[in-house]
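S.K.: no sequence for this one, just the structure:
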């Protein structure tokens, strides 16, 4: 095939940085010195890490936070999935649309809302409750592991929901019907058949969510850092950008290495469980819909109260709080006195010129990153599925790494590379280019999986027929594969553009100047600087800018594909 | 035992409703092996699932053993777990997370009877003995072969001593040789137990072997109910005749009660029924007599053998008569027919239906 090596070369070009970044992270942990100094190797960082009680506290914090996240997300995802897949609840399409939108709302957005709601000092619920019941102390504390896990779990419940729905769909409905027919009622069927059979799927979703929680940055950064509650991600961030001392890349490298090992181990577990759950997936002989459980009018009411409550608590409540906060100079609970102070001054006072350059940069990222990622991943997918190359499965494994490795760590590896290794050759530090590189690499797993799934469904003979007809590979790609893959590509492009827009985790270490600032970073800097009400206003502006992209996504992207990628 | 009256059901597919059942009336007697036979999409599975309570009809009444389990007018809809039935699913629906014994035990300890562990274990052994799976109790169910799963499914359905056994194409996922064995077993077992069976299939041989009575269904309606002999020899219309064995069809017009003018000339038919306008005349291949084996002169025509295919126990012969091709089946004792041949169409084997109601593949 003419052109085959071009595809393999592009794949290698895209995947080399992935491996390089991982090695650099490992190397960072054994390394000491300042930029430009001769290299000294040391085990000091690991020694410090293992003797410091902070490490163990951080470990416990992280595990507690991630576990709460899993529990909270399952609490909402499992009942919602069951209601949608197994009952006669009306309005299921609405549920799907809300969940998709829910997955797109940035976590830093909801996290800020929850601070205004449940912060022990300023949270309005706490203030009201203390006032009404004459309590000494605020009853709720969002700046705790449970509080942060609650916020993160609400955010990740969308992903958990989509994964669990897929589990229900892959199950032969006759398995539940057999139980009903032979005398088990609704609840016994649920307990003895449905739950045990969906358990591997739910477990897989739990591991998936746990892995994300382990390296989640936004919620611990918004809520935890100012209250000195660190998880591994914020701990690493703090070592890179401390307030007083010098940055310590060595310690960050050591912690990151441990986290990478843990994340890879969890991914391995995830795939094992997933394979086990596929064993239970039976292809049914008939295309009938499973018998839907009749909830009755009262059941519908309860179900919709639950779903409405879920959406209200998860998305609307934080939104209302941000709107209220953005209209005030100093945050306070709603009252007549507070109403008199309502003004748009926070919006007028926003750093608009900075916001404009942030918007411009973000727009460039949204256009360039998905495009680059798709080009690379087309080459990778083709190499994995079609090239017949001996090492093609290694390409697949490497392409999966950016999913398993926390994105914050990818970004740190890039910053380290720019500062220490390429210092005199390329000036990447503080540029938009470095953001483009890291964002693109971080999306490789997602895009290859989407394209792999679609490409696997296209029969190779369609291409072979064109080859036999004498078309070179590039033409086959252009005339045959691209048109056939188009729905998947459009979906993946839009989704990646939206993720780019709301990305804060990687930006937090990559953005170092006004030249490469992004919109979420501006919101976060305002928040970190203590201008909470201005941050709320900026957040609303950012969300408003996002709306057209979300509308585009809902119009052209297909929600079903999301399940394939997770 | 089962009494179904005026049952209707529409499905919403896309924008328009599709009628799956258009007013079904049928009675199944106590201890009867009753087969619902029809092509896919005829509504037979929907009817079975309505009896099970897995599907809710839009209107009509269903009663089991004199007890109403569904009635649109009385607003009754008994959930499936309270109908006291056993059911074998097409996919067998063996729970893959349990062992063979647990698969049966679960419905005994947590189903309608809530037996004690000990009693349940005895009953599990008895049920497994019925299907000759005595030593499989502790085998994880997902490790069973298709045929074994099918037997566990049957044992599970029978374990609760149901008054009624429902079976939804239980043999369609087995290979041909196994199918015959299992078919014979089902027949033997159910007649031993004297249980009432409602059985869905699209295979007419299966229906003939198993059924006391068969209901032939098409497009949500029952075309005819009867025992296999009646359906084969006295089909109520061309669709039943076509579905229950193969047919040669001739277009024609009735001249009087006993004569039809067809593509092959005037044929004499039994004068029991008379239709105005266009008709079709049908005859089964084994009823088409070749050669001078009989002295009958009525309905005798000359034809030409196009091909003859030797099938071991019989010969299939294509005969061309007046531009029309008939299929004949004959015993393979004599030498293969060739060249010109005399064809006899016995009068009492010809069936006549109005063409408007028929959709034969005649051409």
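M.R.: That came through fine. Fair warning: this is a prediction, and the values are worked out from it, not measured in the lab.

S.K.: spell out which residues of chain B are next to chain A.
M.R.: In this structure, chain B approaches chain A at residues B:45, B:49, B:52-56, B:79-87, B:89-93, B:95-97, B:106-107, B:110-113, B:142, B:153, B:156-157, B:160, B:166, B:169, B:172-173, judged by CB under 8 Å from any CB of the partner chain. Quick note: C-beta positions are derived from backbone N, CA and C, even for glycine.

S.K.: redo that, cut-off 7 Å
M.R.: Within reach of chain A by CB under 7 Å from any CB of the partner chain, chain B has these residues: B:52, B:54-55, B:80-81, B:85-87, B:89-91, B:93, B:95-97, B:106-107, B:110-112, B:142, B:156, B:160, B:173.

S.K.: from residue B:53, how far out is residue B:19?
M.R.: As for residue B:19, its distance to residue B:53 is 21 Å (criterion: CB to CB, to the nearest Å).

S.K.: go on, residue A:243?
M.R.: 67 Å.

S.K.: again, but for residue A:254
M.R.: When residue A:254 is compared with residue B:53 (using CB to CB), they lie 62 Å apart.

S.K.: before we move on, the earlier item: inside helices: which ones of the residues of chain B next to chain A?
M.R.: Those of those mapping onto helices are B:52, B:106, B:107, B:110, B:156, per DSSP state H.

S.K.: between those residues, identify the one with the most neighbours.
M.R.: Of all these, the highest neighbour tally under other CB atoms under 10 Å in any protein chain shown goes to residue B:156, namely 29 neighbours.

S.K.: looks like that residue contacts residue B:103 (just checking).
M.R.: Yes - Residue B:156 is within contact range of residue B:103, at 5.8 Å (criterion: CB atoms under 7 Å).

S.K.: list the contacts of residue B:26.
M.R.: Residue B:26 makes contact with B:4, B:215, B:222, B:225, according to CB atoms under 7 Å, 6 or more residues apart in numbering or on different chains.

S.K.: now these in a markdown table, with neighbour count?
M.R.: As requested, the contacts of residue B:26 are arranged in a markdown table below (neighbours: other CB atoms under 10 Å in any protein chain shown):
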| residue | neighbour count |
| --- | --- |
| B:4 | 24 |
| B:215 | 24 |
| B:222 | 22 |
| B:225 | 19 |
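
S.K.: could I get these as CSV with pLDDT and distance to residue A:466?
M.R.: As requested, the contacts of residue B:26 are exported to CSV (pLDDT from 0 to 100; distance: CB to CB, whole Å):
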residue, pLDDT, distance to residue A:466
B:4, 96, 57
B:215, 96, 53
B:222, 94, 53
B:225, 96, 57
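
S.K.: assign residue 308 to helix, strand or coil.
M.R.: Going with chain A. With DSSP: H, G, I helix; E, B strand; the rest coil as the basis, residue A:308 sits in helix.

S.K.: ah, I was thinking of chain B
M.R.: What three-state DSSP gives for residue B:308 is strand.

S.K.: comparing residue A:254 and residue B:53, which residue is more hemmed in?
M.R.: residue A:254 (28 against 23).

S.K.: that one against residue A:29, yeah?
M.R.: Yes - the criterion here is CB under 7 Å, and residue A:254 meets it with residue A:29 at 3.8 Å.

S.K.: residue in chain B nearest to chain A?
M.R.: residue B:111 (2.9 Å; CB to the nearest CB).

S.K.: which residues are in contact with the residue lying closest to that residue once chain neighbours are set aside?
M.R.: In this structure, residue B:111 finds its nearest non-sequential neighbour in residue A:183, 2.9 Å apart by CB to CB, 6 or more residues apart in numbering or on different chains. The contact partners of residue A:183, by CB under 7 Å, 6+ apart, come to B:81, B:107, B:111, B:112, B:160.
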